[in-house]
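# quick one, what's the 3D model for this:
(one chain, ligands or ions: 1)
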Amino acid sequence: MEAAFICSDELWSRGFGGGHPLKPERLKRTYELLAAYGAFDAPSSHLVAPRPAGREDLLLFHTAEYVDAVARLSRGEGAPSEWRLLKEKGGPQAHRYGFRSDETPVFPGMYETEGFKVGAGLTGARWTVEGQARVAFSFAGGLHRTHDQRPHARPALASGFCVFNDVAVAIRWLAHQGLRVAYVDIDVHHGDGVQAAFYDTDQVLTISLHQAGILFYPGTGFPEELGTGAGYGTSINLPFLIYTDEELYLWAFRQVVPPLVRQFAPDVLVTQLGVDTHYRDPLARLMLTTRGYVAVVEELKALAEGAGRWLAFGGGGYAVDVVPRAWTLAYGVMSGQAFQDELPPAYSERYGPGRLHDTEGPELPEDWVMEETRKYVEKSIAFLKAHTRDVWEWG
Ligand SMILES: [Zn+2]
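Next comes the predicted model:
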């Protein structure tokens with residue numbers, strides 16, 4: 001199918017800085033690896049420059065107060081002094097909008113860089129809706145955690161490395177075109193911002209698979225969070241205990257995601273493809289390899305073929321040598337290209353030789369631990385079936 005990879009070096013020109021795990025290098029290296037494979041040479045594979053988002057685009061999801069605050073903080077205003085902004089990357093003013101130096105710090109030019117990611121998602125959405133591509137991959141986005149500021153929503157806004165919620169903006173835009181949207185989020189963190197945005201509507205189905213929020217960020221995403229009013233049953237969560245391996249993960253995915261997405265019959269499939277489920281990810285403890293990750297992306301591709309349109313986002317993933325390989329493999333699935341397993345010379349000369357797929361796997365703990373991971377997910381699936389049997393047919 002025709003595929004669009006939404007990319008510009010604007011997307012990685014600035015970032016949270018030195019020690020922060022969300023390194024812009026992840027994006028640069030992903031583009032370089034795909035380019036080294038010649039992934040954009042095929043006539044059906046398009047390298048597309050995003051349009052920056054305008055203020056009105058950001059207002060599709062965010063409040064004017066928040067958008068203006070991000071602009072001010074980005075210019076270095078709102079902190080007690082420039083010195084303090086640089087030292088702590090956020091004063092009391094920044095704190096009010098969810099920015100914290102130890103998690104989501106303010107950085108100069110943040111409004112432009114993070115706005116560009118929103119523009120990239122909207123560019124991808126337009127390409128799929130206008131029919132120029134069946135799939136668009138906004139790999140720099142997937143910032144699924146930022147909440148809006150409606151009454152009853154949590155007041156903290158920027159959250160979990162996310163400034164603007166590019167996913168929620170793009171889904172809002174798609175919904176405004178009258179389209180039904182199924183959203184599947186495989187980032188290891190719960191997609192709480194997107195879930196909250198569409199919690200009360202049945203026009204958008206949100207499904208999030210993630211490490212359970214037991215002593216893990218953001219502490220939400222349990223099966224009980226099913227949506228409200230007309231949206232009841234269209235918010236689905238599948239949490240996993242630490243050490244869940246890819247065999248169990250794939251089994252659970254297949255129990256829940258394909259049957260629900262097929263019944264929902266979306267006009268467009270939107271996915272967040274965070275790769276922090278990888279066993280070597282420094283922030284989380286699920287045990288997937290690149291093979292398990294690709295198997296999930298292939299499942300999503302089959303669902304996207306049913307919908308006819310697929311808007312894919314990147315997301316988390318903090319092992320710098322894993323992310324470029326995983327997203328290269330994902331774009332291969334999207335665009336129907338198979339890349340040779342040995343990393344191409346143009347890439348390996350710069351970053352060292354290696355293989356596209358993992359050559360090793362995780363060391364799993366004792367059997368009783370693995371048994372607990374299985375029992376936990378079986379219980380969650382039983383709960384979902386019992387509490388949504390009026391909404392879904394579970395076969
Ligand atoms: Zn994540």
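
# any idea how far the longest strand anywhere in the chain is from the chain center?
Secondary structure assigned by DSSP state E gives strand 204-211 as the longest strand of the chain. Put simply, strand 204-211 sits 11 Å off its chain's centre (Cα atoms, centre = their mean, to the nearest Å).

# residue of this structure closest to the ion, please.
Nearest to the ion in the chain, going by Cβ to the ion, is residue 316, at a distance of 2.6 Å. Heads up, the C-betas are built off the backbone N, CA and C, glycines and all.

# so what are the sheet partners of the longest strand of the chain and their directions?
strand 181-185 (parallel), strand 235-240 (parallel) (DSSP bridges).

# what average pLDDT does it get?
Averaged across strand 204-211, pLDDT comes to 98.

# one more: stretch 328-340?
Mean predicted confidence for stretch 328-340 is 98.

# next, the nearest residue to residue 267 once chain neighbours are set aside: secondary structure please.
Once flanking residues are discounted, residue 267 sits nearest to residue 179: 4.0 Å by Cβ to Cβ, 6 or more residues apart in numbering. Here residue 179 is recorded as coil under DSSP: H, G, I helix; E, B strand; the rest coil.

# which ones are touching residue 179?
Each residue near residue 179 by Cβ atoms under 8 Å, 6 or more residues apart in numbering is listed here: 129, 266-268.

# on that earlier part again, just name the most buried of the strands paired with strand 204-211.
Ranked by mean neighbour count under mean count of other Cβ atoms under 10 Å, these are led by strand 181-185, which reaches a mean of 28.

# low-confidence ranges, the chain, go.
Applying pLDDT under 70 to the chain flags the ranges 78-93, 148-157.

# tell me which stretches of it form helices.
Under the criterion DSSP state H, the chain contains helices at 25-36, 55-58, 64-74, 82-88, 92-96, 110-129, 166-176, 192-197, 246-264, 290-307, 323-335, 345-351, 367-387.

# and the stretch 101-250 of the chain, which residues reach the ion?
187, 189 (Cβ under 5 Å from the ion).

# redo that, cut-off 6 Å
187-189 (Cβ under 6 Å from the ion).

# related to what we said a few turns ago, pull the most distant pair out of the contacts of residue 179.
129 and 266 (13.0 Å; Cβ to Cβ).

# between those two, which is the more surrounded one?
residue 266 (23 against 18; other Cβ atoms under 10 Å).

# next up, the contacts around the residue nearest to the more buried one when sequence neighbours are not counted.
Ranked by Cβ to Cβ, 6+ apart and with sequence neighbours excluded, the top spatial neighbour of residue 266 is residue 182, at 3.7 Å. Applying Cβ under 8 Å, 6+ apart to residue 182 gives the contacts 204-205, 207, 260-261, 264, 266, 268-270, 303, 307.

# just the closest of these to residue 174, please.
Of the contacts of residue 182, the one sitting nearest to residue 174 (Cβ to Cβ) turns out to be residue 268, at 5.7 Å.

# wait, that closest one sits on residue 174?
Yes. Taking Cβ atoms under 8 Å as the definition, residue 268 is a contact partner of residue 174 at 5.7 Å.

# give the residues shared as contacts by those two.
129, 181, 311.

# grab the nearest non-local neighbour of the second one.
Spatial nearest neighbour of residue 181, chain neighbours left out: residue 204 (4.7 Å); criterion: Cβ to Cβ, 6+ apart.

# what is the burial count for that neighbour?
27.

# and residue 14, by the same measure?
So residue 14, with other Cβ under 10 Å, has 17 neighbours.
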